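In: prediction below, plus the sequence it came from.
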Amino acid sequence: MTTSNFASLFGRWLIAACLMLAWSLPLRAADALPPAQQQAERQQTQPGNNAPMWREVRQDKEHFTTNRGPEAGVLIQTGGDAWRHLRNGPVTFYGGWLVLLVAVAILVFYKIKGPLTNHDPLTGKLIQRFPPYERVIHWITAGTFVVLALTGLAILFGKHVLIPVIGHSLFGYLMVLGKNLHNFIGPLFAFSTLAMIVIWARDNVWQNIDAQWISKAGGLLSGEHVPSGRFNFGEKTWFWIGVTILGLTVAASGVVLDFPNFGQVRADMQLASLVHAVAAIAMLLLAFGHIYMGTIGVHGALDSMKTGYVDETWAREHHEEWFKDVKAGKSGHPQG
């Protein structure tokens, strides 16, 4: 290609580029106009086309409204799409599978190992493990937790699991009932959780004997007798992670959702909803283990919370250090 031909071709491309630029300038100028003016001009040429108005609406900007309240002038909050995708996507998918797998794993473990039983026969002599006020607080917390767990699972997974079985109409009635139970029982759960933390915090501090319990996994696999204080390390793990950290997180985020009249905007509610769901699922997974060990996993464990008393053989084999302290006339609480 000669120099003159190249210059001629380059000139044609340059002219074409200038024409395209000139053609686009009116469009860019129009886009730069205020949304109200864009809408007015659009109505002149394309009546009924409200694209400029809806573009502005989707910018999370406050507009004029006679309603009062945070974000009352925001018609569309685009962050809701991200919240919906997270809640209905990863949280629901992975959370649902984790709940199912952990429940199945516990059932398989019970089928293979069976419950932990006493090595020696019962003596018939009883020793008090939980006074009445501790049992009342425990059962209030446990009862409210079960109701919240069942209604929460239905709210999160119901459209995937229940609707195909019972249909939309019955599911709708159940959700009206479930949502109201969830909202009204939540504050009671928060109060009882705080009370549980107050009365049992001192019994769940670290003790040197906990290291031995960890090294032998509490005898869960071997069936070996492992001494512990009033609460073993497994119970302490449930107390600090399950009850204290996750329980308070669930309670606090639930209060934010339950009482949306303290200036919360939609982004606050969406964040609280995600935190609430993730923390609740994590707490439920740990609760599976706690419920298993406190009912069918350890023979005689349920009696301690039902009546407040346990046989001395049970106390010696499962909480030997605590048993020795009580028999010696001490409080049974860990000593600093």
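Out: That came through, no problem.
In: the longest helix in the protein is where?
Out: Taking DSSP state H as the criterion, the chain has its longest helix at helix 163-200.
In: pull out the buried positions in the helix or strand that it is followed by.
Out: Downstream of helix 163-200, the first helix or strand assigned by DSSP states H and E is helix 209-215. Across helix 209-215, burial judged by 16 or more other CB atoms under 10 Å covers Ile209, Asp210, Trp213. Where you see a C-beta, it was placed from the backbone N, CA and C, and this is true even at glycine.
In: what's the offset of helix 209-215 from the middle of its chain?
Out: Centroid separation for helix 209-215 versus its chain: 30 Å, with CA atoms, centre = their mean, to the nearest Å.
In: what helices or strands is it leaning on?
Out: helix 233-237 (3 or more CB pairs under 8 Å, 6 or more residues apart in numbering; DSSP states H and E).
In: contacting residues around the helix it packs on?
Out: If you take CB atoms under 8 Å, 6 or more residues apart in numbering as the criterion, helix 233-237 is touched by Asn204, Trp206, Asp210, Trp213, Ile214, Gly218, Gly289, His290, Met293.
In: wait, the third one touches Arg230, no?
Out: No: taking CB atoms under 8 Å as the definition, Asp210 is not a contact partner of Arg230, at 11.8 Å.
In: circling back: the longest helix of the chain - what's its average pLDDT?
Out: If you average the pLDDT over helix 163-200, you get 95.
In: would you mark the buried spots in that helix?
Out: Counting neighbours by 16+ other CB under 10 Å, helix 163-200 gives 171, 175, 178, 182, 185-186, 189-190, 192-197, 200 as buried.
In: show me how far that helix is from its chain's centre.
Out: With CA atoms, centre = their mean, you get 13 Å for helix 163-200.
In: please apply the same query to stretch 214-231.
Out: Distance of stretch 214-231 from its chain centroid, counting by CA atoms, centre = their mean, is 30 Å.
In: for stretch 114-128, same thing?
Out: Worked out by CA atoms, centre = their mean, stretch 114-128 lies 37 Å from the chain centre.
In: first vs last residue of that stretch, how far apart are they?
Out: End-to-end distance for stretch 114-128: 26 Å, by CA to CA, to the nearest Å.
In: ditto for stretch 293-301
Out: One end of stretch 293-301 sits 8 Å from the other (CA to CA).
In: buried set for that stretch?
Out: Neighbour-count burial for stretch 293-301 [16+ other CB under 10 Å]: Met293, Gly294, Gly297, Val298, Gly300, Ala301.
In: in this structure the first one contacts His299, no?
Out: No: taking contact to mean CB under 8 Å, the distance of 10.9 Å between Met293 and His299 leaves them out of contact.
In: distance of Leu86 from Ala267?
Out: Plainly put, Leu86 is 13 Å away from Ala267 if you go by CB to CB, to the nearest Å.
In: oh sorry, the question was meant for Lys113
Out: Counting by CB to CB, the gap from Lys113 to Ala267 is 47 Å.
In: what of Leu286?
Out: 29 Å.
In: output the contacting helices and strands for whatever helix or strand Gly143 lives in.
Out: Using DSSP H and E, Gly143 falls within helix 132-161. Contact here means 3+ CB pairs under 8 Å, 6+ apart; on that basis helix 132-161 packs against helix 92-113, helix 163-200, helix 266-292, helix 301-306.
In: of all those helices, which lies closest to Gln77?
Out: Gln77 lies closest, by CB to CB, to one member of those: helix 266-292, at 4.9 Å.
In: Ala103 contacts Phe288, correct?
Out: Yes: the pair Ala103 / Phe288 is scored as a contact, 6.1 Å apart, by CB under 8 Å.
In: hang on, the earlier thing: export the buried residues of helix 209-215 to TSV and append columns for pLDDT.
Out: Below are those laid out as TSV (pLDDT from 0 to 100):
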residue	pLDDT
Ile209	88
Asp210	87
Trp213	88
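In: of those residues, closest to Lys327?
Out: Ile209 (16.8 Å).
In: check contacts around that closest one.
Out: Each residue near Ile209 by CB under 8 Å, 6+ apart is listed here: Pro227, Ser228, Gly229, Glu321.
In: how many other residues sit next to Trp240?
Out: 16 (other CB atoms under 10 Å).
In: correction: the previous question concerned Leu98.
Out: Leu98 has 14 nearby residues by other CB under 10 Å.
In: how about the contacts made by it?
Out: By CB under 8 Å, 6+ apart, the neighbours of Leu98 are Ile281, Leu285.
In: separation between it and Val104?
Out: In this structure, Leu98 and Val104 are 11 Å apart, going by CB to CB.
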